[in-house]
Structure formats: structure tokens, C-alpha cells
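> when you get a sec, could you give me coordinates for this:
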Amino acid sequence: MVQRGSSRGNDYQRQQQALLRAQEQQDRKAERARKAAEAASKRKERERKVAYQEQQAEQARVQTVGVEHEVEQLGQLLRNALVGDPPTTFERRRRAHTPTALDERSWSRAEPSPRWEDFAPPEPSGLAAVLGLGRRRHETEVAEARKRFDEAQERHTQAEEKRRETLEKKRAEHRRAEERAAEDVAAFNNQLDEEREAYRAGDPAAVEDHVGAVLDASTYPMGFPREHRIAFRPATGDVLVEIQLPPESIVPAAREYRYVKSRDEMTVVPRPEKERKEIYSSVLAQVALRTVYEILASDPDRVVNGVTLNGHVKTIDRATGQEVSPCLVTLSASREQFGKLRLSQVDPAACLKGLNALVSPNPYDLEPIRPIIEFDLSKYRLMDSMDVVADLDSRPVLVKLTPTEFEHLIRQLFEAIGMEAWNTQPSKDEGVDAVAVSKDPVFNGECIIQAKRYGKLVGVEAVQALAGVVEHKRAAKGILITTSWFGRASHDFARQHGRLQLIEGPELKYLIKEHLGKDVIPGPVPPKRPPR
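Numbers count the residues shown, from 1 in each chain. I've put the predicted structure just below:
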């Protein structure tokens, strides 16, 4: 009895020890798993941190490259005019009509005629055919099939007549459209020929219009103003031109961007003030020389004997807070004098000095100089931007404006709102119709504007394209204005982007009424916005 009880006690102890060992093994396994998971988590955190730091460093590099590109562009303003497309001339302004072929594939191919074989019922076969059974039934089926066949032939004949009529109609419409297009081109070229004859005769209006077209066609980087005033003196053959120069903020304040890992901070390496002043002085000199070059190079008829230029900059007086427009560059150069220059080899600032130009001793600080010749409104004819607002009383329907008129109207609207605005040159705008800059020093950002003179829904692709331009130009904001409306996808995309604003027909009508005092109609029929 004692041995039996002792054996049971030993078995119990062994079982308990086995359970304890199993528990210890399980605990050690769980601990190893915990440590492995902790190590994996730390490794992932290190990898995430490294990837984040690399991303920030890459962003700093991209921003630095962008700043370097801006400075490079500022240093090549004159060179780009010399090696790029030549300045606009009357010949280059001429249009050519290129006939287009009508795509007739939708109407030129006739449908196959119905075939009796596809309708005819099968002949009786087998024993029924031998005994002549089912003949009456077969004759009935043939009659019904014949009826269906005749109906199919009639439908085919009608469809063919309609196809041929449609084809002839499309051809006639295409011929009329081609004739109208050719007539429009011919009318434009005839008008241009008349303008050129007036130009050759020294008519002030014709000379000023042409010089204005030349300066409008000149492409500059984003942020450069496009305003100018022009006067021509037939007695001397001199053109007096007043241009708006870019402000000193056109020179990037940053030289480099760096990411500091220890502080997880993006820092800006400022551009030395001396360097900014040198770049800005070079920009002003290049713009002045480039303007004179473009005016003279666009005049193969040699109507213009010389150019007198005044370069002003619109800015805020730091002492008074008032708007000022100091003259920073003024020069007068004859065609003969300017023709002796090798502009591709000159130092712009030294070249101005050689032309006896007057340049502000401290242009970066907006120290003004006295122009060689002042613009006298009572003596000279001036060419201003197109005034579309004055004609809205007689044409209140916005979709009936030409694209150019509508874009100028939008520019005038933003000027009335309180911004500086100018239109871009068609076909060279990269999807930009106008640019506006706030006069508020707090905002101090560029706003890219696109104007859609539509009578239908503006697709989301237009909004996406504007977003791309805003990012490419690093603009503060993008505004898409239309006479019609946008869909839900467009509004959702704009909200997600954060720097886009959509202005539809009704809101545009209100803004024009509020700031320009004109009661307009966006389109022939007020657009009905699709449900959101």
C-alpha cells in the first residue's frame, strides 16, 4: 500500500515538472517572438525615417534646381531673343489657309443588299418531297419569306438614299466651311496688306499697332509684366516706347535649399544681397536692349529710324506705402548706332553705358532717374491694352466675344478687383490666358488664370491641366473661369488640390456686375448645372 501511494506521488511530480518545462518553453518562445517583432518594428521605423530623410533631401535638391533654373533664365533674356524665333514682322503675321479633307468613312460605305438566300425557306426533303407532301405549307413559307425579303430591300433602299443624302450634305457643309475659312484668311491678309501700306507711309497708328504686336509676341518668363505704351513721331522716324520692368522680387531670394537631418528642417540659404542686385541690374539692361532690338529687327522696311525707351517699374514705396512707378532705365539709340552692336557678345550693363543710357545707380533700391523724354499724352498717340468693357453694352452676351476679347475682359476684371494683371501671348502661353499678381504684400503671389468661353460643360481634364501648369510654374493659385459650368468631378478635384478656384457663369456675371458695373449674360441660355 505504501509503495503504490509513493508511485502515484512521483508520477504527479513528474507531470508537474513536465508542465512547468512546457510553460517555460512557451514563455521563451513568446519572448523571442516579441523581441523579433520589436526588432522588425525598429527596422521598419529606421527604413521609414531613412526614406523620409531621402525624400526631404530630394525635395531640397529639386527646389534648388528650380531656383538655379530661374536664375539661368534671367541671365539669358537677351540671348533667347537673339537665337530664338525672329521678332514678328508683317510677313510672319500673314496667315495661310490649309485645306482639310472630309472624313467620309462614316457615310461612304454602303451596307450589303439583302440576299434572297438568307430569307428563302428550305425545300421539302426526304419522303415528303418524294410524295409531294407539305407543298402547300412550303408555298406559304415562300410567300412569307418573299414579303420579308421585299421589306428588307425597301429598308435598304431607304437607308441608302439617306446615306447618300447625308454624304452630300456633309460634303456641302465641308465645302462651305472651307470657303469661309479661305475667305477669312484672305480678308485678314488683305487687311494686313493695308496696314503695311499705312506702315510704310509712316502712319502713326499703323506703326504703333505693329510695334505693339511685336512687343506682345515677345515671350518672357512668368512674372514679367506685359504693359507698354508706344508713340511714333513721323517727322523724325523715332519710336518712343515706355515699358514696365519686372520688380526686384523677380530675382529669387533663395540661392539653395538644404535639409538638416538633425533638426528635421528645410532651411533656405539666402542669396547674397550683392548678387541679387547684380542679377537685377543685368535683367533691366537685357530687357531694355532686347526691346530696342525687337523693334528694329521687326522693321525690314526701315520706317523706324531710332528708339527712345523709358523703363518703369510698378512697386510700393517702402517709405510711404504708396504705389509708385519710378523710371530705372532710359536710353535713345538710332538704327545706325544700334546696328553696329554685336549683341551676342556684349555685357548688357556695359552696352547700355556705351549707348549713353541713363540707368538708376541703385535700381534694386528703386532709386529713380529722369527719363530722356517724358510721355506727353497731349502730344503722342499711346497704345493701351484692349478695352473690352467699353463695348459690353452693345454685346452683353459673353460667349459672342472673340477669344481675345474674352481674355482681355477677364484681365480687366482682375484689375478692377485690385490686382495687377496682363494677358499672355496666344500659342506660347503653355495653357495660360492671363496672369494676375496681388498688390497685397501679404499675398505676394502669382495667380494663373485660364478663361473658357464655353456654352457647355467644362470637362475635368481642363481642371487637371490647370493644376499641372500651376505646379510647373510654382504659382500661388490657379483660377479657371467659364461662361458655363463645371461638373462634380471638377469641383472635387479642385477641392482636393487646394490651390485651384473654379468660377462658373453665374458667379462671373456677379463679379462683372460688382466690379465693372456691367450686366452681362454668360451665354445665350443660362446654363443648368448638373446635379452634384
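
> from here on, just use CA atoms for contacts and neighbour counts.
Noted.

> now for Gly75, how many residues are close by?
Counted with other C-alpha atoms under 10 Å, the neighbours of Gly75 add up to 16.

> pretty sure it contacts Ser282?
Yes - using C-alpha atoms under 8 Å, Gly75 is in contact with Ser282, at 7.4 Å.

> what number of residues are in the vicinity of Ile479?
22.

> what sits up against the helix or strand harbouring it?
Under the criterion of DSSP states H and E, Ile479 resides in strand 477-482. Residues from elsewhere that reach strand 477-482 (C-alpha atoms under 8 Å, 6 or more residues apart in numbering): 445-454, 458, 463, 466-467, 470, 499-505, 508.

> so which bits of stretch 488-500 are buried?
In terms of neighbour count (16 or more other C-alpha atoms under 10 Å), stretch 488-500 has its buried residues at 490-491, 494, 499-500.

> switch the residues you listed over to JSON lines; also include secondary structure.
JSON lines is the format used below for the buried residues of stretch 488-500 (DSSP: H, G, I helix; E, B strand; the rest coil):
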{"residue": "Ser490", "secondary structure": "helix"}
{"residue": "His491", "secondary structure": "helix"}
{"residue": "Ala494", "secondary structure": "helix"}
{"residue": "Arg499", "secondary structure": "coil"}
{"residue": "Leu500", "secondary structure": "strand"}
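
> okay if I get those as CSV plus pLDDT?
Below are those laid out as CSV (pLDDT from 0 to 100):
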residue, pLDDT
Ser490, 92
His491, 91
Ala494, 92
Arg499, 89
Leu500, 92
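
> now, which of those sits nearest Leu366?
Nearest to Leu366 out of the buried residues of stretch 488-500 is Arg499 (C-alpha to C-alpha; 32.2 Å).

> chain center to the host helix or strand of Gln337: distance?
Here Gln337, judged by DSSP H and E, is contained in helix 335-339. Remark: helix 335-339 is offset 38 Å from the chain centroid, using C-alpha atoms, centre = their mean, to the nearest Å.

> list the helices and strands the next helix or strand after it packs on?
Moving toward the C-terminus from helix 335-339, the next helix or strand (DSSP H and E) is helix 348-354. With contacts taken as 3 or more C-alpha pairs under 8 Å, 6 or more residues apart in numbering; DSSP states H and E, helix 348-354 sits against helix 273-297.

> which residues sit against the helix it packs on?
Outside helix 273-297, the residues that touch it by C-alpha under 8 Å, 6+ apart are 74-75, 77-78, 81, 86-87, 211, 214-215, 245-246, 248, 250-253, 302, 304, 306-307, 309, 311, 329, 335, 338, 348-349, 352, 363-364.

> how far off centre is it?
Chain-centre distance of helix 273-297: 26 Å, with C-alpha atoms, centre = their mean.

> tell me which helix or strand comes right after that helix.
Assigned by DSSP H and E, the successor of helix 273-297 is strand 306-312.

> average pLDDT across stretch 521-529?
Stretch 521-529 shows a mean pLDDT of 59.

> helices of the stretch 1-150 of the chain, start to end?
2-75, 77-83, 90-93, 105-108, 126-131, 135-200 (DSSP state H, counting those that start in this stretch).

> and those, which is most packed in?
Of all those, helix 77-83 carries the top mean neighbour count, a mean of 17, counting by mean count of other C-alpha atoms under 10 Å.

> show the average pLDDT along that helix.
91.

> hmm, back to that, just the buried residues out of the contacts of helix 273-297, in ChimeraX syntax.
The ChimeraX selection below is limited to those of the contacts of helix 273-297 classed as buried (16+ other C-alpha under 10 Å):
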select :74,75,77,78,81,87,211,214,215,245,246,248,250,251,252,253,304,306,307,309,311,329,335,338,348,349,352,363,364
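
> pLDDT below threshold where in this structure?
Applying pLDDT under 70 to the chain picks out residues 1-6, 125-134, 374-396, 424-435, 437-445, 523-532.

> could you rerun that using 50?
Scanning the chain for pLDDT under 50 picks out 376-385, 427-429, 441-444, 526-532.

> Thr308: neighbour count?
Neighbours of Thr308 using other C-alpha under 10 Å come to 19.

> cool, Ser325 as well?
Counted with other C-alpha under 10 Å, Ser325 comes out at 16.

> show me the contacts for Pro99.
By C-alpha under 8 Å, 6+ apart, the residues touching Pro99 are Glu178.

> quick check: phi and psi at it.
Pro99 has phi and psi values of phi -60, psi 150 when expressed as degrees, to the nearest 10.

> ok, back up a step: return the closest of the buried residues of stretch 488-500 with respect to Asp103.
The closest of the buried residues of stretch 488-500 to Asp103 turns out to be Ser490 (C-alpha to C-alpha; 32.6 Å).

> my guess is the closest one contacts Val460, does it?
Yes - between Ser490 and Val460 there is a contact under C-alpha under 8 Å: 4.7 Å.

> SS state for Ile448?
With three-state DSSP as the criterion, Ile448 reads strand.

> quick check: it touching Ala436?
Yes - using C-alpha under 8 Å, Ile448 is in contact with Ala436, at 6.6 Å.

> more neighbours: which of these two?
Between Ile448 and Ala436, Ile448 has the larger neighbour count (other C-alpha under 10 Å), namely 27 against 23.

> give the contact list for Asp299.
Counting by C-alpha under 8 Å, 6+ apart, Asp299 has contacts Thr89.

> what do you get for the one 4 residues further on?
Going by C-alpha under 8 Å, 6+ apart, Val303 touches 199-200, 202, 237.

> format these as a markdown table; extra columns: distance to Ala159.
Below are the contacts of Val303 laid out as a markdown table (distance: C-alpha to C-alpha, whole Å):
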| residue | distance to Ala159 |
| --- | --- |
| Tyr199 | 59 |
| Arg200 | 61 |
| Gly202 | 64 |
| Gly237 | 70 |
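
> out of those, who's nearest Ala475?
Nearest member of those to Ala475, counting by C-alpha to C-alpha, is Tyr199, at 39.7 Å.

> show me what contacts the closest one?
Residues near Tyr199 by C-alpha under 8 Å, 6+ apart: 206-207, 303.

> give the buried residues for the strand holding Ile479.
477-482.

> nearest to Lys44, of those residues?
Nearest to Lys44 among the buried residues of strand 477-482, counting by C-alpha to C-alpha, is Lys477 at 37.5 Å.

> in the sheet, who's paired with that closest one?
Beta-bridge partners of Lys477, counted by DSSP bridges, are Cys447.

> mind checking how far it is from Glu446?
7 Å (C-alpha to C-alpha, to the nearest Å).

> ok, now Pro247?
Distance from Pro247 to Glu446, by C-alpha to C-alpha: 13 Å.
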